[in-house]
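Colleague: fold the following.
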Amino acid sequence: MTSSKINDTELRKQFLQYLNQPELCEQFYIYMKSEHLAYVLEFYLACDGLRNLLDDTSKQGPIIELIYKHYLCNGKNLSSS
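Modeller: Here you go, the predicted model:
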């Protein structure tokens, strides 16, 4: 069970490294868009951007509000766009 956990962690690290490369992230976005799943990647990137601003509280509020309005309010959920 431990080796599976390590593999999952390693896979996650590799995926995040992939997303941190603009050209590859764009290609993945194009793929996700073709599968009608671009909103999932957009939501992830918005939340990741928020996480990167944890020390800058002046920018957190507007980003949280944007994420809420675009992805979560009015009964929206991430299982459909």
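Colleague: pretty sure Tyr18 sits against Tyr29.
Modeller: No: under the contact definition of Cβ atoms under 8 Å, Tyr18 does not touch Tyr29, with a separation of 11.7 Å. In this view, the C-beta of every residue, glycine as well, is placed from N, C-alpha and C.
Colleague: show me which of the two is the more surrounded one.
Modeller: Higher neighbour count among Tyr18 and Tyr29: Tyr29, with 16 against 12, using other Cβ atoms under 10 Å.
Colleague: tell me which element that one falls in.
Modeller: For Tyr29, the element it lies in under DSSP states H and E is helix 22-34.
Colleague: dump the C-alpha coordinates for that helix into PDB.
Modeller: The C-alpha coordinates for helix 22-34 follow below in PDB (Å, rounded to 0.1, in the frame of the first residue of the first chain):
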ATOM      1  CA  PRO A  22       3.200  27.200 -20.300                       C
ATOM      2  CA  GLU A  23       3.400  25.300 -23.600                       C
ATOM      3  CA  LEU A  24       2.400  22.000 -22.100                       C
ATOM      4  CA  CYS A  25      -0.300  23.600 -20.000                       C
ATOM      5  CA  GLU A  26      -1.700  25.200 -23.100                       C
ATOM      6  CA  GLN A  27      -1.700  21.900 -24.900                       C
ATOM      7  CA  PHE A  28      -3.500  20.200 -22.000                       C
ATOM      8  CA  TYR A  29      -6.000  23.000 -21.900                       C
ATOM      9  CA  ILE A  30      -6.700  22.500 -25.600                       C
ATOM     10  CA  TYR A  31      -7.200  18.800 -25.000                       C
ATOM     11  CA  MET A  32      -9.500  19.500 -22.000                       C
ATOM     12  CA  LYS A  33     -11.500  21.900 -24.100                       C
ATOM     13  CA  SER A  34     -12.000  19.300 -26.800                       C
END
